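K.L.:
Build me a structure from this.
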Amino acid sequence: MSQAKSSFSLRRQLGRGKQIAGMTTTMVGGLRAAQRIGAFKQPPREKLPRYIQTFCRKMVGSFGVKVVEVEPVEQLHGLWVSNHVSWMDIPVVGTVSPAFFLSKAEIGEWPVFGKLAHAAGTLFIERGSGDAGSVSSQIADFLAKGFSVVFFPEATTTSGKKIKRIHGTLLQSAIDADVPIRPIIIAYVDKEGTLSDALPYYGKLTMKESMKKVLDSKDVTAYVLPLAPIDPKGCTKSELTNVLQARMQEGLAELHSRVLSTGLIDL
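P.N.:
This is a model prediction of the structure:
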């Protein structure tokens, strides 16, 4: 190996190590904060959002990603939805919104991550019957108690260049709880002003490969654009799905036009 390659490899390893150390420190801090406020026994949902936002902001920062609200994200109750580009979306959304996350029940049994998820007031979904309607009902009950929820209606990650066909089954919860749908759009942009190719986690990319790409990335900004809320009153689930699909597609195009160095996206 040449001296130049060896030096580059060493710098890269040191950079990764620094970020992993930052991530570990953030997780330890999150566990300590949760212990301090009694979140492991009974998550205090009324005060949790500000703790979650602080934790998520530090977690995003440990990866060297900066979160920028293109327009202020209002901290209001509702069913929050976002486009889905990366596993990084979770701490990004957690940084800007007051919403609790959804998770499969089995994740709550994971070491460390499961404990943090419980302490963060995550809504664990029981999928025993396989009935998406029962999941929607669980979310509606949660919303009716005054707690916001966020989910990714594309149901899979994408390149970030367009919005895939969204799945609107869970939008029924907004109808049942009579709360607005609050869409936000995320775009990861590199220092050249183009969409980052390091952050998207999709296709055949493995989690390990994605983690390395993110750790090696530099100067990435996660731009977040809140869109106009959607009132579910008088709408069917199908109508809400169509409205949300159009709004998110228009919102992504608007965000790209505002934050990229060129409005042209190679699809």
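
K.L.:
contacts, neighbours, all on C-alpha from now
P.N.:
Noted.

K.L.:
Just the C-alpha atoms of the helix or strand in which residue 240 is found, please, in CSV.
P.N.:
Assigned by DSSP states H and E, residue 240 belongs to helix 237-259. In CSV, the C-alpha atoms belonging to helix 237-259 read as follows (Å, rounded to 0.1, in the frame of the first residue of the first chain):
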residue,chain,number,x,y,z
LYS,A,237,-58.9,7.2,3.4
SER,A,238,-58.5,7.0,-0.4
GLU,A,239,-59.1,10.7,-0.9
LEU,A,240,-56.5,11.5,1.9
THR,A,241,-54.0,9.2,0.3
ASN,A,242,-54.3,11.0,-3.1
VAL,A,243,-54.1,14.4,-1.5
LEU,A,244,-51.0,13.4,0.5
GLN,A,245,-49.4,11.9,-2.5
ALA,A,246,-49.8,15.0,-4.5
ARG,A,247,-48.7,17.3,-1.6
MET,A,248,-45.6,15.3,-0.9
GLN,A,249,-44.6,15.2,-4.6
GLU,A,250,-45.1,19.0,-4.9
GLY,A,251,-43.3,19.6,-1.6
LEU,A,252,-40.2,17.5,-2.7
ALA,A,253,-40.0,19.5,-5.9
GLU,A,254,-40.3,22.7,-4.0
LEU,A,255,-37.6,21.7,-1.5
HIS,A,256,-35.2,20.7,-4.2
SER,A,257,-35.7,24.0,-6.0
ARG,A,258,-34.9,25.9,-2.9
VAL,A,259,-31.9,24.0,-1.6
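
K.L.:
isn't residue 59 right next to residue 91, touching?
P.N.:
Yes: contact status for residue 59 versus residue 91: in contact at 6.7 Å, counting by CA atoms under 8 Å.

K.L.:
Burial check on residue 111, number of neighbours?
P.N.:
9 (other CA atoms under 10 Å).

K.L.:
tell me the phi and psi of it?
P.N.:
Note on residue 111: backbone dihedrals following degrees, to the nearest 10 are phi -70, psi 140.

K.L.:
Looking at residue 59 and residue 91, which is more packed in?
P.N.:
Set side by side, residue 59 and residue 91 show more neighbours around residue 59, with 24 against 20, by other CA under 10 Å.

K.L.:
Would you mind measuring from that one to residue 125?
P.N.:
Using CA to CA, to the nearest Å, residue 59 is found at 24 Å from residue 125.

K.L.:
Over to residue 194?
P.N.:
According to CA to CA, residue 194 and residue 125 sit 37 Å apart.

K.L.:
More neighbours: which of the two?
P.N.:
residue 194 (19 against 16).

K.L.:
so the more buried one sits right up against residue 260, yeah?
P.N.:
Yes: using CA under 8 Å, residue 194 is in contact with residue 260, at 5.5 Å.

K.L.:
Surely residue 182 is within a helix?
P.N.:
No: under DSSP: H, G, I helix; E, B strand; the rest coil, residue 182 falls outside any helix and is assigned strand.

K.L.:
What about it, how many residues nearby?
P.N.:
25.

K.L.:
Return the per-residue confidence for it.
P.N.:
Note on residue 182: pLDDT of 98.

K.L.:
Run through the residues that contact it.
P.N.:
78, 79, 80, 81, 226, 227, 228, 229, 230 (CA atoms under 8 Å, 6 or more residues apart in numbering).

K.L.:
How about residue 200?
P.N.:
Contacts of residue 200 by CA under 8 Å, 6+ apart are 85, 86, 157, 158, 159, 160, 210.

K.L.:
before we move on, what SS does it have?
P.N.:
Per three-state DSSP, residue 200 ends up coil.

K.L.:
if we can go back for a sec, which of the contacts of residue 200 sit farthest apart?
P.N.:
160 and 210 (14.7 Å; CA to CA).

K.L.:
neighbour-wise, which of the two wins?
P.N.:
residue 160 (24 against 18).

K.L.:
Show me where the protein has its strands.
P.N.:
65-69, 79-82, 100-104, 123-125, 149-151, 181-189, 220-226 (DSSP state E).

K.L.:
Specify the stretch among the ones you listed that is closest to residue 252.
P.N.:
Comparing these by their distance to residue 252 (CA to CA), the top pick is strand 181-189, with 6.2 Å.
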